[in-house]
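Next come a sequence and a model predicted from it.
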Amino acid sequence: MKPSLLMAAAMLLGAASGWALTPSQLTPAEKATYETVKNQPDEAAAFLATRAYVKLCQKVVGKSMPAIKLTDIPDNYSDKYVSPAEAEAVDKATSLRFAAMVTSPITA
């Protein structure tokens with residue numbers, strides 16, 4: 001499969017689960033890293049999924065998104081694309097999500 005087709009498929013799957021991110025949404029630093037992996041379909045998809053999840057976690061920590069709405073961590077999430085400060089945000093956001101799930105009322 002060509003990288004562009006795989007990227008389109010990854011973005012569609014990501015959109016369905018709430019964590020889609022396109023190369024046009026990357027910061028200049030992220031774009032520089034993306035350029036090094038864009039021709040490796042699995043790595044490019046992992047990079048985009050990881051960066052998208054980090055951004056969602058930062059929203060949860062910054063209280064601009066409810067923790068209960070944080071999705072599961074993507075299967076292809078990779079720590080190698082996350083700074084130590086971002087890793088702390090991911091840990092905190094996932095803890096907040098768990099706490100929100102435990103305290104959320106059960107609906108039928």
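Structure's in. What do you need? Numbering: from 1, shown residues only.

Give me the most central residue, the chain.
Tyr53 (1.8 Å; Cα atoms, centre = their mean).

element containing it?
In this assignment (DSSP states H and E), Tyr53 forms part of helix 41-61.

ok, the residue nearest to the centre of the chain touching Tyr77?
Yes: between Tyr53 and Tyr77 there is a contact at 5.9 Å, judged by Cβ atoms under 8 Å. In this view, the C-beta of every residue, glycine as well, is placed from N, C-alpha and C.

Would you mind listing where the chain has pLDDT under the threshold?
1-19, 106-108 (pLDDT under 70).

show me what contacts the closest residue in space to Asp42 that isn't next to it in sequence?
Using Cβ to Cβ, 6 or more residues apart in numbering and skipping the chain neighbours, the partner closest in space to Asp42 is Asn76 (7.3 Å). Asn76 makes contact with Asp42, Ala45, Ala46, Ala49, Thr50, according to Cβ atoms under 8 Å, 6 or more residues apart in numbering.

buried subset of these?
Ala45, Ala46, Ala49, Thr50 (16 or more other Cβ atoms under 10 Å).

Which single one of these is nearest to Thr71?
Ala49 (10.4 Å; Cβ to Cβ).

so where do the helices sit in this structure?
Using DSSP state H, the helices of the chain run over 3-17, 28-37, 41-61, 84-103.
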